[in-house]
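Participant: need a 3D model of the sequence below.
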Amino acid sequence: MTLYPVLLIVHLLAAFLFVGTVAFEVLFLEPVHRRLPADVRKALGSQLGPRVRSVVPWAVVVLYLAGLGLAWQHRGALAAPAASSFGILLSIKIALAASVLIHVVCALALARRRRLTGAAQGRLHLSVFCHMIAIVVLAKAMFYVTW
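Facilitator: Residues are numbered from 1 along each chain as shown. The predicted structure follows:
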């Protein structure tokens, strides 16, 4: 059995967890959070925050390691990305994924220094969410869009 299907499934499951978490935060939690009383916000944050911080980093690690394994399988297309629509779309997807990783690292660094404000967190979440929508679309487009 080839490793590619295993990497693909692991990558998809990790992406599902990461993208789902960010989507939930951007589309549901942040808009509702603003309308909750301060004590409820504090209680929610104290319960939800540690859980997210204990699960999501592992999902990100698995997501990127599996992504590297998948990229290795397409190293021929990545060696000359401009030679095919697949190579171009995969390169854009990888660039967006690198940008998401930079966002995550910046958010973690700001949080450790206690400088991650609610506004900055909201902007980071929205940016990552938009990146991930583009990544998901590109993931499908790579195999179905040609020119």
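Participant: to what extent is Arg114 buried, counted in neighbours?
Facilitator: Look at Arg114: counted by other CB atoms under 10 Å, it has 7 neighbours. Where you see a C-beta, it was placed from the backbone N, CA and C, and this is true even at glycine.
Participant: do the same with Leu90
Facilitator: Leu90, neighbours per other CB under 10 Å, totals 21.
Participant: how about the contacts made by it?
Facilitator: Listed by CB atoms under 8 Å, 6 or more residues apart in numbering, the contact set of Leu90 reads Ala71, His74, Ala77, Leu78, Pro81, Leu138, Met142.
Participant: filter these down to the buried ones.
Facilitator: Buried members of the contacts of Leu90, counted by 16 or more other CB atoms under 10 Å: Ala71, His74, Ala77, Pro81, Leu138, Met142.
Participant: excluding its backbone neighbours, what's nearest the second one?
Facilitator: Setting aside the residues directly before and after it, His74 is nearest to Leu90 in space (CB to CB, 6 or more residues apart in numbering), at 6.0 Å.
Participant: list the buried residues in stretch 12-32.
Facilitator: For stretch 12-32, the neighbour count (16+ other CB under 10 Å) marks Ala14, Ala15, Leu17, Phe18, Val19, Thr21, Val22, Ala23, Glu25, Val26, Leu29 as buried.
Participant: closest to Thr146 among these?
Facilitator: Closest approach to Thr146 among those (CB to CB): Ala15, at 23.6 Å.
Participant: now the closest one: how far from Arg115?
Facilitator: When distance is defined by CB to CB, to the nearest Å, Ala15 is 28 Å away from Arg115.
Participant: please consider this matter closed, and thank you.
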